[in-house]
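Asker: pasting a predicted model and its sequence here:
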Amino acid sequence: MNPQPVTITFDGRPLTATAGQSVGAALASQGITAWRSTRKGGKPRGLFCGIGVCFDCLVTVDGETNQRACLVEVCEGMEVEGS
Amino acid sequence: MSVTVDVAVVGAGPAGLAAAVAAAEAGARVAVVDAGNQPGGQFWRHAPETVRPEPDGHGHHGWSTYLDLRARFDAAQRAGRITYLPGLQVWMAEPGFTLHTTAAVAPAGAVPVAVTADRLVLCPGGYDRQLPVPGWDLPGVMAAGGIQAFIKANGALPGKRFIIAGTGPFLLPVAAGIAEAGGEVLAVLESSSPSAWLPHLRAASGVPGKALEGAEYAAVFARHRIPYRTRSIVTEVLGSGRAEGVRTARVDADGRARPGTGRVYADVDVVGFGWGFTPQLELPVSLGVDTRLDADGSLVGVVDERQQSSVPGVYLAGEVTGVGGAALAVLEGLAAGAAAARPDSGVPVKQPAAIVRHRRFAQAMHQAHPVPAAWQDWLTPDTTVCRCEEVTAGDITEAREELGARDVRSLKSFTRAGMGWCQGRVCGFAAACLGAGPGEAPDAGSLAASAKRPLAAPVGIGELAALD
């Protein structure tokens, strides 16, 4: 059984992901490696630890701020925003 | 919501699954709290069963052990002996014992449950230990275990061309997994030397399964022509805005870069670092269990032959008692679960011989793959150490030299290192080394201060206010 494609948006742009993928995996699969800037240095950040420990990959998901992209599973119509 | 049980298990990886099954089969009422949405932990992480209901175990080790434990876990759940609480993180453990939980993810997250139990089995596992290096904060640099988790959960790769670096046997399955998933591994850079193994062969021969695993990786490396470079490190991750390449060097026995051995790998899009593992100690430390330094320099919990810690009723299993891999974690989990189910049996217990053998193997492994003594020499003053608060190596050495901040707690108050979102989980070891000074390693006290996190997971103010 092949997982279903789902459509999410990232900063308003539609993006095709696969059911069961994490938000981080969906972004990385599309070549998006950074989606957050650091507070002090404005440096780009994306996935690092990949297992919910480092909080580097934070995104806003359906209005909920500070969600770990490596843990949140994509679903149809999900709105993801960087910061 | 709340539940009351005999035994609460934290974690559903190899140790937690085994502990839950053993406790339930010995007649205890058990609750299992786990941050994941399904059992397996990091080691047996697999695609969501909602999407792939029957994982085939491809790329996994010990999968038949997982299937056996999982079947027993599911059966105990159906029989009402195990209450399984996935998607929840414990943010505070109170003596006596009550576990306060919070949803791991917010949208459509699990409903928090307070778990009250007579005994606890803590199996929180660990994560990759990191040593900072210039450029390690560029996107595209990941923890080696994070790359593996990505592949296991998503069946896809986070990039195309990889460099894997650090030390320890774990680099092998990470690189092999990438190659088997279709990625190109330009090189695996191991800071240690293969001859470091020789004095420890006797310990290795006690665990023949590990030799088989090693042979399997060797075959994958040969098939995919992956260069394995020992006594080699990444001295700098190159790129602007993202990782694009690495500069490497050969090192001496202490990890000092040897002049004239520099080399550049270009067109790299993912760099994976792993320097062994850091066990998750905040829950054991918050409950006051005795800790010690293990052979790998990690802070671990002290346990007796029943896996019980210095705090009566608190049992520990898996990486928190010393990093030793999944097979050992299962053995410890089984022992801890059985002991926690029948704490008053009064019969003296001999530690299972298999645990002793695996423990000896793990110690040999740690001694053969040390954190290089001279690793602090790799840093420049502007190298980021604390990624969350963007504290540099220069900030930390200045606090040490000018303000006398030598322990993690003082460094934290002077520089903010370890004060951010991750609460020092990523930089804690490195910051403690820098505080101790060049060539030095932190003592148990400094690491225990770093592991002291009154809130074991970020919680909303409402959840704090709701406490009695």
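Answerer: In hand now; what should we look at? Numbers count the residues shown, from 1 in each chain, chains lettered A, B, ... in the order given.

Asker: indicate the residue of chain A located nearest to chain B.
Answerer: residue A:50 (2.5 Å; CB to the nearest CB). In this view, the C-beta of every residue, glycine as well, is placed from N, C-alpha and C.

Asker: can you get me the start-to-end distance on stretch B:337-357?
Answerer: 20 Å (CA to CA, to the nearest Å).

Asker: ah, wrong one, I meant stretch B:151-161
Answerer: For stretch B:151-161, the end-to-end distance is 14 Å (CA to CA).

Asker: so what's the gap between that stretch and the chain middle?
Answerer: Put simply, stretch B:151-161 sits 20 Å off its chain's centre (CA atoms, centre = their mean, to the nearest Å).

Asker: repeat for stretch B:264-273
Answerer: Taking mean C-alpha positions (CA atoms, centre = their mean), stretch B:264-273 and its chain are 23 Å apart.

Asker: sec struct for the residue of the stretch 51-200 of chain B found nearest chain A, please.
Answerer: The nearest approach of the stretch 51-200 of chain B to chain A comes at residue B:146, 2.5 Å away (CB to the nearest CB). At residue B:146 the chain is in helix, as set by DSSP: H, G, I helix; E, B strand; the rest coil.

Asker: surely it touches residue B:130?
Answerer: No. Residue B:146 is beyond contact range of residue B:130, at 10.6 Å (criterion: CB atoms under 8 Å).

Asker: between the two, which one's more packed in?
Answerer: A count of neighbours by other CB atoms under 10 Å in any protein chain shown puts residue B:146 above the other of residue B:146 and residue B:130, at 31 against 27.

Asker: which residues touch the nearest residue to that one once chain neighbours are set aside?
Answerer: The shortest distance from residue B:146 to any non-neighbouring residue, by CB to CB, 6 or more residues apart in numbering or on different chains, is to residue A:50 (2.5 Å). By CB atoms under 8 Å, 6 or more residues apart in numbering or on different chains, residue A:50 lies in contact with A:24, A:70, B:142, B:143, B:145, B:146, B:147, B:149, B:150.

Asker: hmm, 7 Å instead?
Answerer: Shown in contact with residue A:50 (CB atoms under 7 Å, 6 or more residues apart in numbering or on different chains): A:70, B:142, B:143, B:145, B:146, B:147, B:149, B:150.

Asker: the fourth one against residue B:274, yeah?
Answerer: Right, residue B:145. Yes. Under the criterion of CB atoms under 7 Å, residue B:145 makes contact with residue B:274 at 6.3 Å.

Asker: which residues do these two both contact?
Answerer: With CB under 7 Å, 6+ apart as the test, residue B:145 and residue B:274 both reach residue B:128.

Asker: residue ranges of the strands in chain A, please?
Answerer: A:5-10, A:13-18, A:36-37, A:44-45, A:58-61, A:64-68, A:79-81 (DSSP state E).

Asker: quick one: the last one near chain B?
Answerer: If I follow you right, that is strand A:79-81. No. On the criterion CB under 7 Å from any CB of the partner chain, strand A:79-81 is out of touch with chain B, staying 9.8 Å away.

Asker: that strand - contacts with which helices or strands?
Answerer: Packing partners of strand A:79-81 (3 or more CB pairs under 7 Å, 6 or more residues apart in numbering or on different chains; DSSP states H and E): strand A:5-10, strand A:58-61.
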